[in-house]
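**Student:** Sequence and predicted model, in that order:
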Amino acid sequence: MTETHATISPGAPVFPPGRYGRRRAGGNRRRHILMAALALLVLVAALTAISVRLYHQYGDPAYDAQVITYTDITDNQVLVDFRVTLPPGGSAVCVLRARDRAGAEVAREQVTVTAGPGDRHVTTRHRLTTTARPFIGEVLRCQPSA
């Protein structure tokens, strides 16, 4: 039995020239690490921007709304009583909607609510005119009015 050069030499195997294409140089490791770090940095920045946008859109705890009741349901309206928590003397724009039994939206309106000088909680009643018989009335969100 004869031994070949590949079985005798320690370390990296020796391939016949031209058979397996060009081999990569081992010096690219630093560039790969930098590219991975840059990609991670871009990902963190994008997730931070998305988080800030969603917080401003949905997460302002100073403007909170709760539906107290929805009554007076007819074929084309629903009366929604709701309470809004906002800073004293502030005002908010609340988005109300009504849905039918299948969950389809049948009305949507914006309502401006203003607190008195010492009030943090404002109870409001609003009548939504609908395009079909509503099943539920709800407050989607309240945001500071501009």
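**Tutor:** Received it, and whenever you're ready, just let me know what you need. Numbers count the residues shown, from 1 in each chain.

**Student:** Tell me which stretches of the protein form helices.
**Tutor:** 5-8, 29-58 (DSSP state H).

**Student:** Now do the shortest one, average pLDDT.
**Tutor:** This predicted structure assigns helix 5-8 an average pLDDT of 51.

**Student:** Strands of this structure, start to end?
**Tutor:** With strands called from DSSP state E, the chain shows them at 64-71, 77-85, 91-99, 105-114, 121-129, 136-144.

**Student:** where does this structure have low pLDDT?
**Tutor:** 1-11, 22-27, 59-61 (pLDDT under 70).

**Student:** per-domain residue ranges of it.
**Tutor:** Under automatic domain parsing, the residue ranges defining each domain of the chain are 11-58, 64-144.

**Student:** Same list (the helices of the chain) but as CSV, adding mean neighbour count and distance to residue 146.
**Tutor:** The way it works is simple: take the backbone N, C-alpha and C, and place the C-beta from them, glycine included. What follows is the helices of the chain, written out as CSV (neighbours: other CB atoms under 10 Å; distance: least, CB to CB, whole Å):
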stretch, mean neighbour count, distance to residue 146
helix 5-8, 8, 75
helix 29-58, 10, 13
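
**Student:** Reformat the ones you listed as CSV; add distance to residue 126.
**Tutor:** As requested, the helices of the chain are exported to CSV (distance: least, CB to CB, whole Å):
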stretch, distance to residue 126
helix 5-8, 84
helix 29-58, 21
